[in-house]
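K.L.:
Structure of the sequence below:
(chains A and B)
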Amino acid sequence: KNQVEQSPQSLIILEGKNCTLQCNYTVSPFSNLRWYKQDTGRGPVSLTIMTFSENTKSNGRYTATLDADTKQSSLHITASQLSDSASYICVVITGTASKLTFGTGTRLQVTL
Amino acid sequence: DAGITQSPRHKVTETGTPVTLRCHQTENHRYMYWYRQDPGHGLRLIHYSYGVKDTDKGEVSDGYSVSRSKTEDFLLTLESATSSQTSVYFCAISSTSVEELFFGEGSRLTVL
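P.N.:
Numbers count the residues shown, from 1 in each chain, chains lettered A, B, ... in the order given. Coordinates of the predicted model:
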């Protein structure tokens, strides 16, 4: 069964600190992996996409990594801001958008 | 922001009543999707459409039907709502089957 596991489930950090969110997947065949950010009461918004051949991709203060051999991805947030408080969802795609497998997300809270 | 409008945004109804949620897009994207989001679960696909009058089932389609008579509108119908259908429903669109999904703001449905 295709599964996407995210850890931790929730995380509280101080503003300005860094953090790393983890995503492990068993989805096969793998096409690509996306990280989405979902603010409370809003729909998810794509942060970055990782294809099979990519190891690292950055989007501002967000850096995603992918190890296709171990089927792990991480999202690193640098110098966190209050506006980073949200749920971060890992999504693995198997070739068509109808075959997406979503993780349950990591809820990040950034505090003063 | 992608032009996606969901209506209603909030609805409370009683068990056994029919409910229709509407998704309207102004992007002229070919693909449209309905997902539900529940605590402890990742987003789960209910139905999707790959063109006008072309729809297919997702992983949690029981109790739901959809229709797409125009490119811009995708309707989700609960013929007889049950308490297990209490959820937040998200519409999403994409230009191709493997491109980024753009999500609406969600419709919160409570079935009493």
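K.L.:
quick one: contacts for the spatially most central residue of chain B?
P.N.:
Nearest to the mean C-alpha position of chain B, by C-alpha atoms, centre = their mean, lies residue B:34 at 2.9 Å. By C-beta atoms under 8 Å, 6 or more residues apart in numbering or on different chains, the contact set of residue B:34 is B:21, B:23, B:45-48, B:58, B:64, B:66, B:74, B:76, B:89-92. Bear in mind the C-beta positions are built from the backbone N, C-alpha and C, glycine included.
K.L.:
Just the buried subset of these, written out for PyMOL, thanks.
P.N.:
PyMOL command restricting those to the buried ones, with burial defined by 16 or more other C-beta atoms under 10 Å in any protein chain shown:
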select buried, chain B and resi 21+23+45+46+47+48+58+64+66+74+76+89+90+91+92
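K.L.:
Filtering the contacts of residue B:34 by proximity to chain A, which remain?
P.N.:
B:45, B:48, B:58, B:90, B:92 (C-beta under 8 Å from any C-beta of the partner chain).
K.L.:
Report whether the second one is found in a helix, as I expect.
P.N.:
No. In this structure, residue B:48 is strand, not part of a helix, as judged by DSSP: H, G, I helix; E, B strand; the rest coil.
K.L.:
partners of it in the sheet?
P.N.:
residue B:33, residue B:56 (DSSP bridges).
K.L.:
Local confidence estimate at it?
P.N.:
Looking at residue B:48, its pLDDT is 94.
K.L.:
ok so, going back, tell me which entries of the contacts of residue B:34 lie within strands.
P.N.:
Among the contacts of residue B:34, the ones falling in strands (DSSP state E) are B:21, B:23, B:45-48, B:64, B:66, B:74, B:76, B:89-92.
K.L.:
In a markdown table, list those along with distance to residue B:30.
P.N.:
Shown next, in a markdown table, are the ones in strands among the contacts of residue B:34 (distance: C-beta to C-beta, whole Å):
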| residue | distance to residue B:30 |
| --- | --- |
| B:21 | 20 |
| B:23 | 14 |
| B:45 | 16 |
| B:46 | 18 |
| B:47 | 15 |
| B:48 | 11 |
| B:64 | 21 |
| B:66 | 15 |
| B:74 | 11 |
| B:76 | 18 |
| B:89 | 21 |
| B:90 | 18 |
| B:91 | 14 |
| B:92 | 13 |
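K.L.:
so residue A:6 bridges to which residues?
P.N.:
Beta-bridge partners, per DSSP bridges, of residue A:6: residue A:23.
K.L.:
Give me the distance between it and residue B:75.
P.N.:
Applying C-beta to C-beta, to the nearest Å, the value for residue A:6 to residue B:75 is 32 Å.
K.L.:
shouldn't residue B:80 be in contact with residue B:14?
P.N.:
No. With contacts counted by C-beta atoms under 8 Å, residue B:80 stays clear of residue B:14, the gap being 10.5 Å.
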